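Student: Give me the fold of what follows.
(chains A, B, C and D)
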There are 4 protein chains.
Amino acid sequence: MASPGTLKVAVVGTGKMGADHVRRIQEVISGARVTAVVDVDAERAKAVAARVDGCTAHTDPAEAMASADVDAVLIASPGPAHEAALLAAFARDLPVLCEKPLTPDAASALRVLQAELSLGRRRVQVGFMRRYDTEYVKLKSLLDTGQLGRPLLLHNRHRNLASPPGWTSEMLINDSVVHEMDVTRWLLGQEITGITVLRPTPSANAPDAVQDPQFVLFETDGGAIVDTEIFVNCGFGYQVQAEVVCERGTARIGDGHAMVTTMAGRWGGTVAQDFVERFADAYDREVQAWVDATRRGEVGGPSVWDGYAVAAVCEAGVRSLREGGRVAVELVERPALYAVS
Amino acid sequence: MASPGTLKVAVVGTGKMGADHVRRIQEVISGARVTAVVDVDAERAKAVAARVDGCTAHTDPAEAMASADVDAVLIASPGPAHEAALLAAFARDLPVLCEKPLTPDAASALRVLQAELSLGRRRVQVGFMRRYDTEYVKLKSLLDTGQLGRPLLLHNRHRNLASPPGWTSEMLINDSVVHEMDVTRWLLGQEITGITVLRPTPSANAPDAVQDPQFVLFETDGGAIVDTEIFVNCGFGYQVQAEVVCERGTARIGDGHAMVTTMAGRWGGTVAQDFVERFADAYDREVQAWVDATRRGEVGGPSVWDGYAVAAVCEAGVRSLREGGRVAVELVERPALYAVS
Amino acid sequence: MASPGTLKVAVVGTGKMGADHVRRIQEVISGARVTAVVDVDAERAKAVAARVDGCTAHTDPAEAMASADVDAVLIASPGPAHEAALLAAFARDLPVLCEKPLTPDAASALRVLQAELSLGRRRVQVGFMRRYDTEYVKLKSLLDTGQLGRPLLLHNRHRNLASPPGWTSEMLINDSVVHEMDVTRWLLGQEITGITVLRPTPSANAPDAVQDPQFVLFETDGGAIVDTEIFVNCGFGYQVQAEVVCERGTARIGDGHAMVTTMAGRWGGTVAQDFVERFADAYDREVQAWVDATRRGEVGGPSVWDGYAVAAVCEAGVRSLREGGRVAVELVERPALYAVS
Amino acid sequence: MASPGTLKVAVVGTGKMGADHVRRIQEVISGARVTAVVDVDAERAKAVAARVDGCTAHTDPAEAMASADVDAVLIASPGPAHEAALLAAFARDLPVLCEKPLTPDAASALRVLQAELSLGRRRVQVGFMRRYDTEYVKLKSLLDTGQLGRPLLLHNRHRNLASPPGWTSEMLINDSVVHEMDVTRWLLGQEITGITVLRPTPSANAPDAVQDPQFVLFETDGGAIVDTEIFVNCGFGYQVQAEVVCERGTARIGDGHAMVTTMAGRWGGTVAQDFVERFADAYDREVQAWVDATRRGEVGGPSVWDGYAVAAVCEAGVRSLREGGRVAVELVERPALYAVS
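Tutor: Below is the predicted model of the structure:
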């Protein structure tokens, strides 16, 4: 229960996600505080810093990381800015929590991977927060006991109330199904080797020219078939579900309920309206786990390898979406640093 | 409430299914009785007939149908015997309830269709009993109201405790997924235009050389994508579920429960162990509906066209299972006799 | 499977319930037909008889029972007319299905009991149809296995959309909770020894001067405590639930669901709107069971003793409702004819 | 988001509950740290203090509160020690989170209430943590909208796996049902005016001479009837449920589920095994809410009045348990300081 010094964190990116992480570190979790914030928009950085005691504002990540008052870095800037921020952190040997995506494409993710490899040890936890969701954790634990036997099929559902302005067909793969790519690999302990994106007639409620919903199939190197329904204009709320079918039984999450009301001829409950309502606790646990591990001098959770592998699946998925048919996923050999423990 | 005369039924086939229909007509439903039974095994026919007052035993369907004591025919013999029995009934202009499959292949189904066409009116109700299941009926009614909007996706689950001896990979398509073919077409009011059978690594509990589970995709002429998990050695029971995803909401059946017990650290209920437990009421309603319609001089329910279309999808499915990849489904033009009302 | 002759039934009372039983016997169940109907309203009796082939109309039950064309009697007239009809049936030694209540009070029920006793064998099945509901049957079967241990508590819920015109506070006991009295005794295999009716402030939606809801407590001779919420103007539908708490676990019924829809921010399903929707199958099974037993020469199901015991509990309950406090239930000694098998 | 100084907390009592609160403040929540611990067992206090940076150990609460390094007090010592600790905190005008019970009886609770009254403002939040449970909060919010109408009935279930050694019949009231007393008052916004404890035949699994289960009835000054099943040797787990019945509908909590598995003929999930598993999040939220309010200079949550009123209901409940029958609850007039906002 001893309390080694409070972790001093630089938060890179002060947009919606970054500002929420600042709030989380300052007001929700234990053992850390924000000592520096970084944003290309200097005014925004200053505004956020002004609300936190003893917090400095910067426009250059490397400058913030140079401060003696920074022990660790949380990267929440836009994806294209991640690679430079990660390399800057590596240069100072600082531990990092990097929001997903690790980087926007497989080639840049591979460069980050090679840079971390050259450090000889892991420095980065990638922000796939579903691995910290209570229900996903239960499902993973159950699968790991082996009592259901080997997983054969995995059915995923991923539904959003409505897509934000500017959302494209590709973003259903890169920004939504990306989560199912990670949890599929994690739950099954298998790599995805092929992806096929099927295109039903779009919903009348989807924006023009947006292919929504999509039905996405993965094959894995363990012989499992995985399907994901992604429907970002479902109109009723935010819903994430998973059902694993194993040799001796099935397990399902995301279909639970809290309060049930009965009124006016119907019984039932409410659906979460966005990912914040559904996954707020998972974000809290993710950041707490990173802070706790970092204070113990450890690095855990999703790795740069996971970030790279998922980037490769995304690229194949976008190609399948555009061209039709199955697209194979090609990965470099998995380095020993990222061996599954 | 007037009671026109009791319907006198000849039951063709006295195996497990035929004998069960005899029991159903005699002991469960109202308005009919069995006056003749037919089986190629004369002893079996006699044994069944002996348990029913005033019932004669035959080995030839046409002979039984020639009796003045027969108003209608229920065909429950093996699939290859259906065509001859149907044509015999057509010759006598008798109304028929024909167990699925209508016939074992699309070509013979088409011959039956043309024979019925030449009569100028429908005589046959095909035994797709799921259309009489209370839950499927609710789902169909809801879809027909249009309040959920247009259907985009349909997810089916079809699980059996264990496959009987001699069960083959093809039988998962022809004997199990055949039901999902019919309900897909019926629920959506669309024809299936293509089928793809995916093959995960089989369960260790599947018999040697049996591809179980399979993951089957349909495309429809309305642009919907439909997936069916068929898993006939799931080990825990019999489970049939369907979830329709529409433009404004979803609806799901097959996941209900009756009694919930809590004991020894767990809450939950039991899973049906076979299709009889799950669909006994649907069979009762199906036969009652046929008897009631027949006594009113009407023919309703699944038609010869449905039997033919499903036979064509089965053939394409078996080809996809064997050869891999998508196989298109080709149908003749739908005759006006079978127009959707 | 042998079919002894079809049972010829006289239906006494052709109001809503009686007419529904005529429909059930003629159109739903197997093995019986209605050959006579009786009503004090001769026109109503004639109108019902006219819709059934070979059915005669009467105003006097005894006259109908005198017909050679009557094998059995179904009594569905108002409660005060039951005693005379039952005694008439006993005079002809005819088997009876008597709708609940057996008679309107304990004294008359006891007279009927003594009349049946003097026949030396059971002739009457009392119409407590919940014993034929699939869920209650499952619950009873589970309790009888003993795997949950001894029952300690039973929680009942009984809710109606709205009370019909003229409904009084006493009718909540005599017409609604009467069902919980029977199922409590049956499920637990115990007699009710005391009853207390508690009166919360009535709902604003209850008719003037009607005490609705009520919260009713039973004690049993096995030491169990049983509570029943009766709320006949709940406003949302018809809902009957029961939860038994035993030494090693609990079991609950009436809370299941069929189709679940998700739409407009909510998931859930519909509530039955009346007892017909909830218990139609139970009525069908009840009458089929009676017909089947009668054709086998047997009498089963709820007995005259059950009808008498429940009448005694009703009387005590109405006294508790009016006067407050616990009222003891006094029964005569249980005759051997009604020993629990 | 400004961070006023971290709250420095003295924790009084370092037994199981106190030590858990130390862990919570140090490792889970944000904005506070433990600077002093107090225990009559000096060794235990020192052992806990040794694990926390800059934390002192004491045997006298007043001594710990005298430290300049203490801003607030969390009392988790045994109930009989609460009064002295509360008065010591009042003497220093320190804000307090006091674990339930406020004090062991109504007379001492009233003395504390009068002491706080003489301060002229609230200093104490009482530790009824269910008010911070996500599901109870949802239920309270729904009731407060008024859309279900006025509450008429409330059904509570409170089940524990097994009672600890030394548990007595009275402890079912004082240590278990005490929670239902508080949530009843809070959910309904009404005071309890009478209590009746019913005693079914005890479970064979209850320790000798322990009346378990009990069935407890409350009447409220708003005319509601509330029942609570308390069963502390239920054998299957820890289960807390509540169902409110209002004029236009019902709402139910505590019956939700997370993961559902299907295997070996059964579907279902696990039951929590103790209150820690069920209410860990509620404790975290409770303490975080207290720290946040205290840092803002506010006092909220359950008040000394709530602690006093519940103590009075407990006393009446124990009398009903011992003597049988209904016992009225008598309260002093509610001071304006504790007016419902």
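Student: Surely residue A:313 forms part of a helix?
Tutor: Yes: under DSSP: H, G, I helix; E, B strand; the rest coil, residue A:313 sits within a helix.
Student: Name the nearest residue to residue A:239, sequence neighbours excluded.
Tutor: Distances taken as C-beta to C-beta, 6 or more residues apart in numbering or on different chains place residue A:159 nearest to residue A:239, at 4.3 Å, with adjacent residues excluded. For glycine as for every other residue, the C-beta is placed from the backbone atoms N, C-alpha and C.
Student: For the one you found, list the residues it contacts.
Tutor: A:229-232, A:234, A:236-240 (C-beta atoms under 8 Å, 6 or more residues apart in numbering or on different chains).
Student: Tabulate those (TSV), appending pLDDT, neighbour count and distance to residue A:297.
Tutor: Below are these laid out as TSV (pLDDT from 0 to 100; neighbours: other C-beta atoms under 10 Å in any protein chain shown; distance: C-beta to C-beta, whole Å):
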residue	pLDDT	neighbour count	distance to residue A:297
A:229	98	26	42
A:230	98	24	39
A:231	98	27	43
A:232	98	24	40
A:234	97	30	44
A:236	95	21	46
A:237	96	22	41
A:238	97	19	37
A:239	97	20	39
A:240	98	24	33
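Student: Which one of these is nearest to chain D?
Tutor: Relative to chain D, the closest of the contacts of residue A:159 is residue A:240; by C-beta to the nearest C-beta it sits at 13.0 Å.
Student: For the closest one, give me its contacts.
Tutor: A:130, A:156-159, A:179, A:254, A:278.
Student: and if you look at residue A:147?
Tutor: Contacts of residue A:147 (C-beta under 8 Å, 6+ apart): A:248-249, D:263.
Student: ok, back up a step: now the residue nearest to residue A:239, what are its backbone angles?
Tutor: phi -130, psi 140 (degrees, to the nearest 10).
Student: mind checking pLDDT for it?
Tutor: Residue A:159 is assigned 98 on the pLDDT scale.
Student: Equivalent analysis for residue A:3, please.
Tutor: At residue A:3, pLDDT is 46.
Student: give me every residue that touches the closest residue to residue A:176 other than its chain neighbours.
Tutor: Nearest residue to residue A:176, sequence neighbours excluded (C-beta to C-beta, 6+ apart): residue A:230, at 5.1 Å. Residue A:230 sits next to A:158-159, A:172-173, A:176-177, A:180, A:212-216 when contact means C-beta under 8 Å, 6+ apart.
Student: so which of those residues is the most crowded?
Tutor: residue A:172 (29 neighbours; other C-beta atoms under 10 Å in any protein chain shown).
Student: What separation do you get for it and residue A:314?
Tutor: 11 Å (C-beta to C-beta, to the nearest Å).
Student: Might you enumerate the residues of chain A proximal to chain D?
Tutor: A:1-3, A:22-23, A:26-31, A:33, A:51-53, A:134-135, A:138-139, A:142, A:147-148, A:248-253, A:255-264, A:288, A:292 (C-beta under 8 Å from any C-beta of the partner chain).
Student: List only those of the residues you listed flagged as buried.
Tutor: Buried members of the residues of chain A next to chain D, scored by 16 or more other C-beta atoms under 10 Å in any protein chain shown, are A:3, A:22, A:26, A:28-31, A:33, A:51-52, A:135, A:138-139, A:142, A:148, A:248-253, A:255, A:257-263, A:288, A:292.
Student: Show me the residues you listed that map onto strands.
Tutor: A:33, A:249-253, A:260-263 (DSSP state E).
Student: now residue A:228, which residues is it bridged with?
Tutor: residue A:156, residue A:216 (DSSP bridges).
Student: still on that earlier bit, the ones in strands among the buried ones among the residues of chain A next to chain D also near chain B: which ones?
Tutor: A:249-250.
Student: wait, which of the ones in strands among the buried ones among the residues of chain A next to chain D is closest to residue C:205?
Tutor: Residue C:205 lies nearest to residue A:263 out of those, by C-beta to C-beta, at 12.7 Å.
Student: Is that closest one in contact with residue D:249, as I believe?
Tutor: Yes: applying C-beta atoms under 8 Å as the test, residue A:263 and residue D:249 come out as touching, 3.1 Å apart.
Student: give the contact list for the residue nearest to residue A:229 when sequence neighbours are not counted.
Tutor: Distances taken as C-beta to C-beta, 6+ apart put residue A:157 closest to residue A:229, at 5.1 Å, once the chain neighbours are dropped. Residues near residue A:157 by C-beta under 8 Å, 6+ apart: A:228-229, A:239-242, A:254.
Student: Out of those, which comes closest to chain B?
Tutor: residue A:229 (6.0 Å).
Student: mind checking how far that closest one is from residue B:244?
Tutor: Taking C-beta to C-beta, one finds residue A:229 at 12 Å from residue B:244.
Student: and what of residue A:34?
Tutor: 47 Å.
Student: Residue A:277 now?
Tutor: For residue A:277, the distance to residue B:244 - C-beta to C-beta - is 25 Å.
Student: Give me the more crowded residue out of the two.
Tutor: More crowded of residue A:277 and residue B:244, by other C-beta under 10 Å: residue B:244, with 26 against 12.
Student: hang on, the more buried one is in a helix, isn't it?
Tutor: No: with three-state DSSP as the criterion, residue B:244 is strand rather than part of a helix.
Student: State the pLDDT value of it.
Tutor: At residue B:244, pLDDT is 98.
Student: Return the set of residues that bridge with it.
Tutor: residue B:154, residue B:251.
Student: hang on, the earlier thing: just give me the closest of the ones in strands among the buried ones among the residues of chain A next to chain D to chain B.
Tutor: residue A:249 (5.5 Å).
Student: got the contact list for that closest one?
Tutor: A:147-149, B:234-236, D:261-264.
Student: before we move on, what about residue A:333?
Tutor: Applying C-beta under 8 Å, 6+ apart, no residues contact residue A:333.
Student: what helix or strand does it sit in?
Tutor: Assigned by DSSP states H and E, residue A:333 falls within no helix or strand.
Student: Any figure for the gap between it and residue A:48?
Tutor: 42 Å.
Student: can you check residue A:185 too?
Tutor: Distance from residue A:185 to residue A:48, by C-beta to C-beta: 34 Å.
Student: Residue A:340 too?
Tutor: Distance from residue A:340 to residue A:48, by C-beta to C-beta: 38 Å.
Student: residues in contact with the residue positioned nearest the centre of chain A?
Tutor: Nearest residue to the geometric centre of chain A (C-alpha atoms, centre = their mean): residue A:128, 2.5 Å. Counting by C-beta under 8 Å, 6+ apart, residue A:128 makes contact with A:100, A:179, A:182-183, A:186, A:301-302, A:306, A:310.
Student: For the residues you listed, which entry has the maximal number of neighbours?
Tutor: residue A:310 (28 neighbours).
Student: Could you pull out the buried residues of the one helix or strand it maps to?
Tutor: In the assignment (DSSP H and E), residue A:310 maps to helix A:304-323. For helix A:304-323, the buried set under the neighbour-count rule, 16+ other C-beta under 10 Å, comprises A:304-321.
Student: Output the set of residues of chain A in proximity to chain C.
Tutor: Counting by C-beta under 8 Å from any C-beta, the residues of chain A that sit close to chain C are A:235-237, A:239, A:257, A:260, A:262-271, A:273.
Student: circling back: okay, the residue nearest to residue A:239 and residue D:238: tell me how far apart.
Tutor: 33 Å.
Student: again with residue A:9
Tutor: Taking C-beta to C-beta, one finds residue A:9 at 37 Å from residue D:238.
Student: which stretches of chain A form helices?
Tutor: Per DSSP state H, chain A carries helices over the ranges A:16-23, A:42-50, A:61-65, A:82-91, A:106-119, A:134-145, A:169-171, A:178-188, A:275-295, A:304-323.
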